[in-house]
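K.L.:
Structure for this input, please:
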Amino acid sequence: MLRYQIVGQLESFIENRANDFREIVVASHVDGITPHQLLTSNKVHVWFWAEPVFFGKIKKCPTLKSLSTFVVCVVLYGRCSAP
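P.N.:
Sure, this is the predicted structure:
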């Protein structure tokens, strides 16, 4: 019983951070396809993955992965050094 409560709290925390991530990306002045890619990666929580990110025909997108991780770092800690 306690396990389900803890899992629920953790899932809620992660979803709240995903909402913060989305707010930061929408308020940013990044142009091109990057905001769409960031919002897509946020939807599946790419910032937790250890493996590379794949978008369409692009084999790897390390820049997107590091940018996603940077935004999550800002969300969690309020500040981070640049990627």
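
K.L.:
helices or strands next to the top helix by length along the chain in the packing?
P.N.:
Counting by DSSP state H, the longest helix found in the chain is helix 2-27. Where contact means 3 or more CB pairs under 8 Å, 6 or more residues apart in numbering; DSSP states H and E, helix 2-27 is packed against helix 34-43, helix 62-77. Where you see a C-beta, it was placed from the backbone N, CA and C, and this is true even at glycine.

K.L.:
Going by mean pLDDT, which of these comes out lowest?
P.N.:
Among the helices and strands packed on helix 2-27, helix 62-77 carries the lowest mean pLDDT, a mean of 77.

K.L.:
which residue packs closest to Asn42, ignoring adjacent ones?
P.N.:
Sequence neighbours aside, Phe21 is the residue nearest to Asn42 in space, at 4.8 Å (criterion: CB to CB, 6 or more residues apart in numbering).

K.L.:
Gln37 too?
P.N.:
Leu64 (5.5 Å).

K.L.:
which one of the helices and strands packed on helix 2-27 lies closest to Gln5?
P.N.:
helix 62-77 (22.3 Å; CB to CB).

K.L.:
angle of that closest one against helix 34-43?
P.N.:
Angle, helix 62-77 to helix 34-43, by axes from the mean of the first three to the mean of the last three CA atoms, to 10 degrees: 60 degrees.

K.L.:
Now do Glu23 against Leu2, distance only.
P.N.:
Distance of Glu23 to Leu2, computed by CB to CB, to the nearest Å: 32 Å.

K.L.:
which of these two has more neighbours?
P.N.:
Applying other CB atoms under 10 Å to Glu23 and Leu2 shows that Glu23 carries more neighbours, namely 11 against 6.

K.L.:
hmm, back to that, looking at the helices and strands packed on helix 2-27, which is closest to Arg17?
P.N.:
helix 62-77 (5.3 Å).

K.L.:
List the contacts of stretch 24-37.
P.N.:
With CB atoms under 8 Å, 6 or more residues apart in numbering as the contact definition, stretch 24-37 has outside contacts at 38-39, 42, 55, 61, 64, 67, 71, 74-75.

K.L.:
ok, of those, which come out buried?
P.N.:
By neighbour count, with 16 or more other CB atoms under 10 Å, the contacts of stretch 24-37 hold 38, 42, 61, 64, 67, 71, 75 as buried.
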